[in-house]
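**Q** Just the structure for this:
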Amino acid sequence: MSAYLTKRLTYMVVILLAATFLIFSLYALTPGDFITGNIKLTPERKAELREIYGLNKPLLERYGTWMKHAFHGDFGYSLAQQKPVLTLFNQYVWNSFLLA
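**A** Next up, the predicted model:
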């Protein structure tokens, strides 16, 4: 029984990591981002923002940084609503739970 649970937990972790990497990669590789689409920014400011947000780093490095922050409960900051994402998640999760 213990070997079965260990095997299932291992599969679960591998599938979870593969799914998060796939989704992260697809999102990261889509053309355009919030910096490219902003026509008000100068090229110097765009380069500065890419450095600040780490968009100039390789995909695997960005994924590793994202996973590290996610394990610590830091899901980033919503640029659209100017609030931490975890606050927004906590605000709306119960409505989604009730709908489900």
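
**Q** Show the subsequent helix or strand relative to the helix or strand of the chain with the lowest mean pLDDT.
**A** When each helix and strand of the chain is scored by mean pLDDT, DSSP states H and E, strand 77-78 comes last, with a mean of 84. Scanning forward in sequence from strand 77-78, with DSSP states H and E defining helices and strands, the next element found is strand 83-84.

**Q** What is that next one packed up against?
**A** Using 3 or more C-beta pairs under 8 Å, 6 or more residues apart in numbering; DSSP states H and E as the contact criterion, the secondary-structure elements in contact with strand 83-84 are strand 77-78. All C-beta spots, glycine's among them, are computed from the backbone N, C-alpha and C.

**Q** got a list of contacts for the strand it packs on?
**A** In this structure, residues lying in contact with strand 77-78 by C-beta atoms under 8 Å, 6 or more residues apart in numbering are Lys83, Pro84, Val85, Leu88.

**Q** 6 Å - rerun?
**A** Counting by C-beta atoms under 6 Å, 6 or more residues apart in numbering, strand 77-78 makes contact with Pro84, Val85, Leu88, all of which sit outside it.

**Q** Return the residues in contact with the second one.
**A** Contact criterion C-beta under 6 Å, 6+ apart gives Phe75, Gly76, Ser78 as the residues in contact with Val85.

**Q** Please apply the same query to the last one.
**A** With contact taken as C-beta under 6 Å, 6+ apart, Leu88 is in contact with Ser78.

**Q** I'd like the next helix or strand past the top helix by length along the chain.
**A** Taking DSSP state H as the assignment, the helix of the chain that covers the most residues is helix 2-29. Towards the C-terminus, the helix or strand next in line after helix 2-29, according to DSSP H and E, is helix 43-53.

**Q** Cheers, nothing more for now.
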